[in-house]
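Chemist: Next comes the sequence, and after it the predicted model I'd like to discuss.
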Amino acid sequence: MTGEPVERYLEELHLASAGWALSCCRWERDEAEEVLQMTYLKVLDGRARFDDRSSFKTWLFGVIRRTAAERRRSRWLRSVAGLRWRDGRPSPAPVPTPESLLGAAETDRSLRAALQTLPARQREVLHLVFYQDLTVEEAARVLGISLGSARTHYHRGKGALHERLARDGRP
Amino acid sequence: MNRRDDDQELAAAFSALRRAEREQCPPFAEVVRRGRARSLRSEPSRRPGLLWAAAAAIVLAGLAAWLGLRTPGPPPGGLPAGAAPSLAEWRSPTDFLLETSGREILTAPAGLDRSLLDFNPTPSSQERRSPS
């Protein structure tokens, strides 16, 4: 699958991909957009190839997740080596921008805040199931983990999220 | 509140978050355009890395050449440069390690008319047998 069809698929999944990139980058908007840009270029330039072993959406989400992890690693290495100057600009702030906070509703903020406190795997499974409407099995495929493991993360994450939201006076 | 209600409330909360995030999402074409522009911008930033690598290679080559010039030549009593010793003359510097005790017994030719017990390499066996 190359050229125009890939671009069309990417465009159809753009909003979902953007949401997933935000979740993978812990809602750092600049970082999430860079991850999305890198992922799209990887796919469009043929550096990441869809191999028909899963649905295109599942595969694309896997690429986004790996790209976000690569970015995190390279940012960490740069900060350790003190090489931030090489980019010619400061690294994005690790906290959400005031505009994004002002723009978001109170409920969204408390949900995001509660999600941030969960372990990464639980947060990812919950996002894929509740936000992206994937099944737990599809979520397991995106994350590259077993179905049993994904189910465990799903149930534990749901319990922990309910607890956090109840503590904050939410559902 | 049962489990199903819990799940529905969570789904509703995620749905609201999805709506809010989608409103702020830049269009697909814009993201691709920015990505292309960014990758073009980052191309020149790779050049300093290449320049550093080239400079390091030149310095290393110079260092290797200097070390090569400083390597001592053959000792004064040795062969002139370029002259290789013949195979017949050449002896390995570790040749002595191959010397084993009783080597003479193994290297002397076998004689049918004498016993190995009579063997004495210092005065030759021929001399010992001849009557004085």
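Modeler: Perfect, I can see it now.
Chemist: Just the helices from the chain, written as ranges.
Modeler: No chain was given, so I picked chain A. Remark: helices assigned in chain A by DSSP state H are A:4-12, A:14-24, A:29-44, A:56-81, A:98-103, A:106-116, A:120-126, A:136-143, A:147-167.
Chemist: Wait, chain B was what I had in mind.
Modeler: Using DSSP H, helices in chain B cover B:3-23, B:28-70, B:103-107, B:125-129.
Chemist: want to throw those into TSV with mean pLDDT, mean neighbour count and distance to chain A?
Modeler: C-beta here means a position set from N, CA and C on the backbone, and glycine is covered the same way. Formatted as TSV, these follow (pLDDT from 0 to 100; neighbours: other C-beta atoms under 10 Å in any protein chain shown; distance: least, C-beta to the nearest C-beta, whole Å):
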stretch	mean pLDDT	mean neighbour count	distance to chain A
helix B:3-23	85	15	4
helix B:28-70	83	11	3
helix B:103-107	74	9	63
helix B:125-129	53	11	80
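Chemist: Please report the number of neighbouring residues for A:Ala150.
Modeler: 24 (other C-beta atoms under 10 Å in any protein chain shown).
Chemist: What score does it have for pLDDT?
Modeler: In this model, A:Ala150 is scored at 95, pLDDT.
Chemist: Find the least confident helix or strand in chain A, judged by mean pLDDT.
Modeler: helix A:98-103 (a mean of 50; mean pLDDT, DSSP states H and E).
Chemist: For A:Glu28, give me phi and psi.
Modeler: Main-chain dihedrals, A:Glu28, degrees, to the nearest 10: phi -90, psi 110.
Chemist: and the residue in chain A positioned nearest to chain B, how many neighbours does it have?
Modeler: With C-beta to the nearest C-beta, the shortest gap between chain A and chain B falls at A:Gln37, namely 3.1 Å. The number of residues packed around A:Gln37, counting by other C-beta under 10 Å, is 22.
Chemist: Could you point out which residue ranges in chain A have low pLDDT?
Modeler: A:1-4, A:82-105, A:170-171 (pLDDT under 70).
Chemist: give me that answer again for 90
Modeler: A:1-6, A:26-28, A:49-54, A:72-113, A:164-171 (pLDDT under 90).
Chemist: Ends of stretch A:114-121, what's the gap?
Modeler: 14 Å (C-alpha to C-alpha, to the nearest Å).
Chemist: which outside residues touch it?
Modeler: Applying C-beta atoms under 8 Å, 6 or more residues apart in numbering or on different chains, the set of residues contacting stretch A:114-121 from outside is A:23, A:26-27, A:123, A:126-127, A:143, A:145, A:153, A:157, A:160-161, A:164-165, A:168, A:170.
Chemist: Quick one: buried ones out of these?
Modeler: Buried residues within the contacts of stretch A:114-121, defined by neighbour count using 16 or more other C-beta atoms under 10 Å in any protein chain shown: A:23, A:26-27, A:123, A:126-127, A:143, A:145, A:153, A:157, A:160-161, A:164-165, A:170.
Chemist: Could you work out the most separated pair of the residues you listed?
Modeler: Across the buried ones among the contacts of stretch A:114-121, the longest distance by C-beta to C-beta is 28.2 Å; it joins A:Ile145 and A:Arg170.
Chemist: Keep only the contacts of stretch A:114-121 that also lie close to chain B.
Modeler: A:Leu126, A:His127, A:Leu161, A:Leu165, A:Arg170 (C-beta under 8 Å from any C-beta of the partner chain).
Chemist: The residue nearest the centre of chain A: what's it in contact with?
Modeler: Central residue of chain A (C-alpha atoms, centre = their mean): A:Cys24, 2.5 Å from the mean position. By C-beta under 8 Å, 6+ apart, the residues touching A:Cys24 are A:Ala32, A:Val35, A:Ile64, A:Arg65, A:Ala68, A:Ala69, A:Glu124.
Chemist: That one and A:Ala32, how far apart?
Modeler: Look at A:Cys24 and A:Ala32: by C-beta to C-beta, to the nearest Å, they are 7 Å apart.
Chemist: joint contacts of those two?
Modeler: A:Ala68.
Chemist: Nearest residue to A:Ser23 in space, please, no chain neighbours.
Modeler: Excluding the flanking residues, the one nearest A:Ser23 by C-beta to C-beta, 6 or more residues apart in numbering or on different chains is A:His127, at 4.5 Å.
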